[in-house]
Structures are given as C-alpha cells and as structure tokens.
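**Q** no FASTA, just this:
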Ligand code: GLP
C-alpha cells in the first residue's frame, strides 16, 4: 500500500485532489466512487476550483457514492445526496443522470435497489477510483466491523459507535437514521484503484490496524491490504499508531526521487 503522510489536513486534500484531477485529465469519462463525511470536504472544494479554472470537466464523469441513509425523503438536508449536491455536484458540470447513490425509500425492496446499483456500476465499466474515508472503528462506507469481507451493496444497521461519531452532524432531538444502504466490502475491492483519506488522532488506531493489523472483519479497512492499488493519504496525527511510519515516509520519499 502506498502511504503518503502529510503535515496537515490541507496537504492531505491537495494531494488527494491532484490524484483525482490527474485521473480526470487522463480519462475524462472515468467512473469515480465518492465518499461523504468531513474528511473529503476540502478535497471537493479543490475539485470545484479545478473545474472553475477550466482545468477539468466533469461532463463525461460518472459517480457512485459509497452509501446513503435508508428511507430518506428526497432532498432531505441530512441525506448524502444533499451533501454531494452542496459540496460538488451543483458546482461543477456533472450531468445529474451520471450521479448515483444507493438511495432506497422504505417502499422499495432494499435487495432490488442494491442489485440495480451493482448492475449500474458494471454497466459503466466499473469504478476507476474509489475515494474512502475511514470510521474510528475501521469501517469503510458503512461496512461496520463484522461485515463480510466479500459483501456487496446492501442494507446495514449502524453501530452505536458510528451513530455516536456522526451525531455531531445532527441537531439535538433531530431524527438520526440507524440504517443505511452501503456498497459492500467486495464492491469496494472491485474498484481499479482506491484512495483512502484520514486526518486526526481519532483515526490513528483504525489506520494502524488497516495497514499492519491482521486482515479481519473486526477492521473492514484491513482488507485493503489485499488490493493491488491503494493509496492512503493521511496527516501526521492519523499516523501516530503506525508502528514503522518512518519506513513509509522513506519509501514515499524514494518513490518521488526515482
Ligand atoms: C461515515 C461514512 C464513511 C466515512 C466515515 C468517516 O460514517 N459512512 O463513508 O468515511 O464515516 O467520516 P468523517 O470523514 O466525517 O470522519
């Protein structure tokens, strides 16, 4: 796994944005897997800047988000669709019909929605680059600890730990969904390339386990050790639990020299 340790969250966003900008330049009709959460917000701002400067266009790009809360009313301000519209989709020239999230109303069959989602990813040629954040408990998407490492898109129950970590985004007394549709771990592993971001000491244990822990569903992100093309872009705070972080820094510095 390529690990890039940056001084701070701003550098993490710049590094990650450059990887995505270069991909879009190389393959204007690429398929991006996208993530929500606080971590990628600055990265999305930089992508919007690159679009505004005329550096890249999203006119042929398709996107698939990792996850969406179950049974959200369309346009709900807590939905991940709303988040994506606010931070990216409404600010660039992406075609709305090329943006996908695993949206499922309570009236639909979750199995059917999940099946269609997987089929649409395949129909578009698969995901070229999957962007990921990581949960404090090592989850990717909403694949909580205990998720099958071969899982596909499906409905998941969120853990108390995840609900607690995400409660900061909800007003006091506001309804917080406890179920979500998420790409499976297997779906994520099918992406041609994975870019995982983490910032802050609260992510350091999960990052340590992801990189050098055993491959186990107790830390779903650990399966990324089996993926041939993963780049982890993290800040120094998120690196403190990596046993041999010096080695990763040396390796990255050599890579840049060669
Ligand atoms: C959420 C999302 C993940 C995200 C993670 C970290 O619950 N389902 O896709 O990566 O938790 O979020 P944040 O970036 O806000 O720490």
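**A** Yep, that arrived. None of the values given here were measured: they were computed from a predicted structure.
**Q** wait, doesn't residue 24 sit right on residue 62?
**A** No. If you go by CB atoms under 8 Å, residue 24 and residue 62 don't touch, sitting 11.6 Å apart. Placement of C-beta: from N, CA and C, glycine included.
**Q** Quick check: neighbours shared by the two?
**A** Common neighbours of residue 24 and residue 62, using CB atoms under 8 Å, 6 or more residues apart in numbering, are residue 30.
**Q** Could you report the separation of residue 113 from residue 162?
**A** For residue 113, the distance to residue 162 equals 21 Å [CB to CB, to the nearest Å].
**Q** same thing with residue 196?
**A** Counting by CB to CB - residue 196 and residue 162 are separated by 17 Å.
**Q** more neighbours, the two?
**A** Between residue 196 and residue 162, counting by other CB atoms under 10 Å, residue 196 is the more crowded of the two (26 against 20).
**Q** if I've got this straight, the more buried one is in a strand?
**A** Yes. Residue 196: assigned to a strand according to DSSP: H, G, I helix; E, B strand; the rest coil.
**Q** my guess is it contacts residue 222, does it?
**A** No. With contact defined as CB under 8 Å, residue 196 does not reach residue 222; the gap is 11.7 Å.
**Q** Show the pLDDT at the residue of the stretch 51-200 of the chain found nearest the ligand.
**A** Going by CB to the nearest ligand atom, the ligand is nearest to residue 133 of the stretch 51-200 of the chain, at 2.3 Å. The score at residue 133 is 98. That number is its pLDDT.
**Q** can you count the residues close to it?
**A** For residue 133, using other CB under 10 Å, the count is 20.
**Q** Tell me which residues touch it, please.
**A** Residue 133 sits next to 35, 36, 37, 39, 40, 140, 196, 197, 198 when contact means CB under 8 Å, 6+ apart.
**Q** So how do I select the buried members of those residues in ChimeraX?
**A** Entered in ChimeraX, the line below selects the buried ones among those, by 16 or more other CB atoms under 10 Å:
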select :35,36,37,39,40,140,196,197,198
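**Q** when you check the ligand, which of the contacts of residue 133 turn up near it?
**A** 35, 36, 37, 39 (CB under 6 Å from any ligand atom).
**Q** Just give the nearest non-adjacent residue to the third one, would you?
**A** So the one you mean is residue 37. Excluding the flanking residues, the one nearest residue 37 by CB to CB, 6 or more residues apart in numbering is residue 133, at 4.4 Å.
**Q** What is the neighbour count of residue 64?
**A** 25.
**Q** mind listing what the closest residue to it other than its chain neighbours touches?
**A** Using CB to CB, 6+ apart and skipping residues adjacent in sequence, the residue nearest residue 64 is residue 100, 4.8 Å away. If you count contacts by CB under 8 Å, 6+ apart, residue 100 has them with 62, 63, 64, 65, 117, 120, 121.
**Q** so residue 84 touches residue 66, yeah?
**A** No. Using CB under 8 Å, residue 84 is not in contact with residue 66; the gap is 10.8 Å.
**Q** the more surrounded of the two?
**A** Neighbours were counted for residue 84 and for residue 66 using other CB under 10 Å; residue 66 has more, 27 against 21.
**Q** quick one: the worst-scoring helix or strand of the chain on mean pLDDT near the ligand?
**A** None of the helices or strands of the chain scores lower by mean pLDDT, DSSP states H and E than helix 160-166, at a mean of 92. Yes. Counting by CB under 6 Å from any ligand atom, the ligand is contacted by helix 160-166 at 162, 166.
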